[in-house]
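**Q** how would this look folded up:
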Amino acid sequence: AESELKVRQKNNLIYGSLGLALILGLLGYLFYNQQKLKNRQLRKEAELKEALVKIETQNKLQEQRLRISRDLHDNIGAQLTFIISSIDNLKFGLKEATKTTKDKLSSISEFTSQTIYELRDTIWAMNKEDISFEDLQVRISNFIDKAKVASEKTQFSFTIDSTINPEHSFSSVVGMNIYRIIQEAVNNSLKYADASEIKVSIKREGNHFSIKVIDNGKGYDINTVEKGNGLNSMEKRAKD
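**A** Have a look, this model is predicted:
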C-alpha cells in the first residue's frame, strides 16, 4: 500500500508538473501572440504617422511652390512686362536716336521677352509634382515653333518614337532638366553653328530614352573649346 501510494504521488507530481508546464506554455504563447500583435499594431501606427507627416510635408511644399510661383508671376512677371512696355515707349519717343541706340533697346526688349518665356517655363514646372511625357512633348513643340519664327532660314524637325507611352511621367526636376537641355542645345545651334537644319528626336532604346539634337552646322572640337555657361549648365543638368 505504501509502495502504491508513493507511485501514485509520483505520478500525480509528474502529471501536475506536465499540466503546469502546459499551462505556462499556453500562457507564454498567448503573451507572445499578444505582444506580437501589439508590436505589429505599433509598427502600423508608426508607419501611418510617418505617412501622414510625409503627406503633410508634401502639402506644405506644394503650397510653398504655388505661393512662390504666384509671386513670380504677379511680381517678377509684371515688372518684366512693364520694362518691355517702357522700352517700347522709349523707342517711340526717341525718334531722333541713332540706329545703334534703337538696336540696343530692341535687344533689351527681346532679352526681357525671352526672360518672361523662361519664367513661365519655371512656373509651369513648379506647379507640377510630375511632368508627363505628353506635357514635355507639348512644351518642346511650342519652343521649336517659336524658334522657327525667330530663324526662318533654319529647317526644324521634331520626331518622337511612337512606342513611347505619353503617360510616362518624370519628376518635375527631371522633366525640366530634359526640357532645358534641349532648349540650350537648339539655342546653341542657332547662335553659333550657322546651321540650316536642326533635328530633335526622342527614341526608346531598351529601358531608357535617347534624346538627340543634331544640326548640320560647322561644329566644334569638344576637347579644345572653352566651355561657357550653356555647355556647363547642360552637363550639370544631364548629371542631375
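**Q** Report pLDDT for the closest residue to residue 83 other than its chain neighbours.
**A** Nearest non-adjacent residue to residue 83, counting by C-beta to C-beta, 6 or more residues apart in numbering: residue 112, 5.2 Å away. Glycine gets a C-beta too; all of them are placed from N, C-alpha and C. On the pLDDT scale, residue 112 is placed at 82.
**Q** ok, now which ones touch residue 112?
**A** By C-beta atoms under 8 Å, 6 or more residues apart in numbering, the contact list for residue 112 reads 80, 83, 84, 87.
**Q** remind me, longest helix of the chain?
**A** Scanning the chain for the longest helix, with DSSP state H as the assignment, gives helix 2-71.
**Q** Past that helix, which element shows up next along the chain?
**A** Past helix 2-71, further along toward the C-terminus, the next helix or strand under DSSP states H and E is helix 77-93.
**Q** Tell me which residues of that next one come out buried.
**A** Neighbour counts using 16 or more other C-beta atoms under 10 Å place 77, 83, 84, 87 of helix 77-93 among the buried residues.
**Q** got it, and stretch 231-240?
**A** For stretch 231-240, the neighbour count (16+ other C-beta under 10 Å) marks 231, 234, 237 as buried.
**Q** ok now the helix or strand hosting the first one, how far from the chain's centre?
**A** Read that as residue 231. Assigned by DSSP H and E, residue 231 falls within helix 229-239. Centroid separation for helix 229-239 versus its chain: 16 Å, with C-alpha atoms, centre = their mean, to the nearest Å.
**Q** Could I get the CA-only coordinates of that helix as CSV?
**A** Only the C-alpha atoms of helix 229-239 are listed here, as CSV (Å, rounded to 0.1, in the frame of the first residue of the first chain):
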residue,chain,number,x,y,z
ASN,A,229,27.7,78.7,-69.1
GLY,A,230,25.5,77.0,-71.6
LEU,A,231,27.6,73.8,-72.0
ASN,A,232,28.4,73.7,-68.3
SER,A,233,24.7,74.0,-67.5
MET,A,234,23.8,71.2,-69.9
GLU,A,235,26.4,69.0,-68.4
LYS,A,236,25.2,69.6,-64.9
ARG,A,237,21.6,69.1,-65.8
ALA,A,238,22.5,65.8,-67.6
LYS,A,239,24.2,64.5,-64.5
